[in-house]
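Asks: Give me the fold of what follows.
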Amino acid sequence: MTAFSLGTFGFPEVHADGHPIKLALRKGLALLVYLAEAKGAVARDVVSTLLWPETDRETGLARLRRLLHRIELTLGQQVFETDRTSLRWSPAVALQVDAHLFESACDRGDFDEACQIYRGDFLAGFSPEDCPEFDDWAFFRREALRGRLMHALERLVQDKTTAGDYFAAAAHATRLVELDPLSEVYGRHLIRSLLLAGDRSAAERHHAALTQRLRDELGVTPEAATEALMSPAAAHAIPATRYVKGAGVHLAYQTYGSGPLDILVMPGFVSHVERAWEHPASRTFLASLMKLGRLIVFDRRGIGLSDRVGSAPGIDVTAEDIGTVLRAVDARRVVLFGASECGPACIKFAVDEPRLVAGLILFGALAKGCWSQDYPHALRASQYDAWSKRLIAQWGGPVEIETFAPSLAGDPQARAWWAGLLRAASSPGGISAVLEAFRDADVRHLLPQIAMPTLVLHRRDDKAVRIAAGRDVASRIKGAQFVELDGHDHWFFAGDQGPVLDAIKRFIDLLPREARAGRKVL
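Replies: Residues are numbered from 1 along each chain as shown. Presented below is the predicted three-dimensional model:
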C-alpha cells in the first residue's frame with residue numbers, strides 16, 4: 001500500500017512514498033485536506049456545499065463524484081471510503097499529515113520538533129475559487145495552529161535560556177518577533193537572548209528596529225523595561241516565568257515583590273503572564289498592587305503560556321490550578337482577586353479551601369454565565385452565543401475592546417496590545433471552548449458558603465457585565481462589601497484606577513491582623 005503524506009503548512013502538497021504528486025485541482029487539494037482534518041466520515045452534502053456553495057444540491061453532488069474520480073486517477077489508487085451519504089480517507093491508506101504531527105509534538109512537549117515541522121502557516125497562499133466557507137474554516141484552523149506555534153516558541157525561548165543555550169533562544173525569539181513585530185515582550189526576548197549570547201551589536205540593531213516600528217506603527221516609544229535591557233547586566237534582572245506541573249499540566253506563573261501577604265490576580269477569560277505587563281495601564285495597576293503585598297499571576301491551563309489542553313479550563317479545574325500555583329510559590333494566606341469570568345473559579349477555591357484565603361475580591365464578576373428566569377442579569381443563551389460567534393470571527397484583531405475598555409478603544413497602542421495578547425493567549429477554537437464553559441457556569445449555590453471577608457467591585461456603567469450582576473453576587477455573600485464605581489470600563493486597569501486601588505487598599509487594611517501578617521499555611 002502506498003504511503004501518502006499531506007503537507008498543509010504553506011501551499012498544500014501531496015506525496016506518495018516520498019515523491020511529490022502534482023494534483024492540478026485546487027478543489028481536489030481542498031477536499032483532501034478537509035477530509036484529513038475531519039479524521040472521520042463527512043456527509044456528501046456538507047462537502048458539496050463547502051466546495052460549490054452556489055450550485056443546487058444535485059449539481060454539487062455530481063461535481064463531487066467527478067472530483068473524487070479525478071483525484072483517485074491522479075493518485076493512482078483508491079484512497080476514499082464512500083457510501084451513498086458520506087466519504088472519508090480510507091482507513092486502509094497510510095496517511096501522514098504535518099499539522100497532526102505538529103500538534104502531537106506540542107502535546108508531548110517536544111517543542112523543538114514541533115517548530116521544525118511548522119514551515120509556514122496552514123494553507124498559506126491557498127484558496128479554492130468561490131468557497132467562502134472553506135476559507136473561513138481554513139482561517140480558524142490557521143489561527144489555532146499559529147497560536148500553538150507561538151506558545152511553543154515562547155516555551156523554547158525560556159527552556160533554552162535556562163539551559164544557557166542563548167543562540168538557540170535568540171533564533172526562536174526571532175521567529176516570535178516575525179509573528180508579532182509590535183510585541184515588546186517578544187522584542188525583549190530577542191534582545192535579552194542576544195545580550196546573554198554576547199552579541200551586543202545585534203541586540204542594539206534589534207532594539208533600534210523595535211523602536212522604529214513602535215514609533216511608525218503606534219506612535220509610542222519603548223517601555224522602560226525595554227530601554228533598561230540595554231544597560232549593563234540588565235538581561236539578568238528580568239523576573240522569570242516559571243512552571244509548575246499539576247494534574248498533568250504545566251502552569252506558567254510569576255511572582256513580583258514582597259509584603260505582608262500574597263495577592264493572586266486572575267484577570268478574566270484570557271491572560272498572558274508576560275504580555276499583561278506590556279500595556280502601561282495594566283502594568284501600572286499591577287505595580288500598585290505590589291505595594292500591598294507579593295503579587296502572584298498565572299495562566300490557567302489552555303491559556304497564555306500554560307500548556308494547551310483539549311478541553312476548556314472549567315471552574316473546578318481552574319480552582320485546582322489556583323491551589324497548584326499557591327503551593328509552588330510557598331504562599332501565605334492569600335487575597336484572591338478574581339475579575340470577570342475568573343470570579344467563579346476564585347469563589348470555588350474560597351469555598352473549598354477557606355483556611356488558605358484571607359480575603360476575596362471580585363471585580364466585574366457574575367455568578368451565572370447566562371440568563372434564566374431566576375437570573376435576569378446576564379445575556380440569554382442565544383444572545384451569548386451570537387456575541388461569542390462575533391468575537392471568535394474577529395479573533396486576532398482588537399475585538400470587543402469598545403465593550404471591554406471604551407476609554408482605551410481609540411488608543412492605537414491599546415488596540416495593538418489587545419490584539420497581540422489575544423493571539424498569544426489562545427486561538428479561535430480554544431477560546432470557543434472557554435466561552436462555552438463559562439456560558440454554562442453557575443456558582444450561586446456557593447456564595448452563601450463564603451466565610452472570609454469579601455469585597456465586590458463593579459463599575460456603574462460596565463458595558464460587558466451589568467452592575468445588577470455585581471449587586472446580586474454581593475447580596476448572596478454574608479457580610480460582603482459592595483462598592484459601585486464610576487465609569488464604563490470592564491477591565492479593572494482601564495479608566496480611573498484610583499477608586500479601584502483605594503477600595504482594595506481599604507479592604508486589605510481592615511483584614512484581621514493574622515491574615516495581614518501573612519502566616520504560611522500551605
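
Asks: mind listing what Ser201 touches?
Replies: By C-beta atoms under 8 Å, 6 or more residues apart in numbering, the contact set of Ser201 is empty. Quick note: C-beta positions are derived from backbone N, CA and C, even for glycine.

Asks: Just read off the phi/psi values of it.
Replies: As for Ser201, its main-chain torsions (degrees, to the nearest 10) stand at phi -60, psi -40.

Asks: do you know how far it is from Lys22?
Replies: Distance of Ser201 to Lys22, given as C-beta to C-beta, to the nearest Å: 46 Å.

Asks: and Ser372, how many neighbours?
Replies: Taking other C-beta atoms under 10 Å as the neighbour definition, Ser372 ends up with a count of 12.

Asks: Tell me what it is bridged to.
Replies: Ser372 has these beta-bridge partners by DSSP bridges: Tyr375.

Asks: now swap in Ile361 and tell me
Replies: Applying DSSP bridges to Ile361 gives these bridge partners: Phe337, Leu455.

Asks: from memory it sits against Phe337, does it?
Replies: Yes: Ile361 lies in contact with Phe337 (C-beta atoms under 8 Å); the separation is 4.6 Å.

Asks: shared neighbours of those two, anything?
Replies: Applying C-beta under 8 Å, 6+ apart, one finds that Ile361 and Phe337 are jointly contacted by Ile504.

Asks: Tell me where the stretch 301-450 of the chain has strands.
Replies: Remark: strands assigned in the stretch 301-450 of the chain by DSSP state E, counting those that start in this stretch are 334-339, 357-363.

Asks: between those strands, which one is nearest to Arg213?
Replies: strand 334-339 (30.7 Å; C-beta to C-beta).

Asks: and that closest one, what does it pack onto?
Replies: Applying 3 or more C-beta pairs under 8 Å, 6 or more residues apart in numbering; DSSP states H and E, we find strand 334-339 packed against strand 262-266, helix 343-352, strand 357-363.

Asks: angle of that strand against strand 357-363?
Replies: Inter-element angle recorded for strand 334-339 and strand 357-363: 10 degrees (by axes from the mean of the first three to the mean of the last three C-alpha atoms, to 10 degrees).

Asks: buried ones in strand 334-339?
Replies: 334-339 (16 or more other C-beta atoms under 10 Å).

Asks: Let's have the residues you listed in CSV, adding pLDDT and distance to Leu356.
Replies: Output for the buried residues of strand 334-339, formatted as CSV (pLDDT from 0 to 100; distance: C-beta to C-beta, whole Å):
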residue, pLDDT, distance to Leu356
Val334, 96, 6
Val335, 97, 11
Leu336, 98, 9
Phe337, 98, 15
Gly338, 97, 14
Ala339, 96, 20
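
Asks: picking up where we left off before, mean neighbour count, the helices and strands packed on strand 334-339: which tops it?
Replies: Greatest average neighbour count among these goes to strand 357-363 (a mean of 27), per mean count of other C-beta atoms under 10 Å.

Asks: quick one: that one to helix 343-352, angle?
Replies: Using the same axes, to 10 degrees: strand 357-363 against helix 343-352 is 160 degrees.

Asks: who touches strand 357-363?
Replies: Contacts to strand 357-363, defined as C-beta under 8 Å, 6+ apart, come from residues 261, 333-340, 343, 346-347, 349-350, 450, 452-458, 470, 473, 492, 500, 504, 507-508, 511-512, 515-516.
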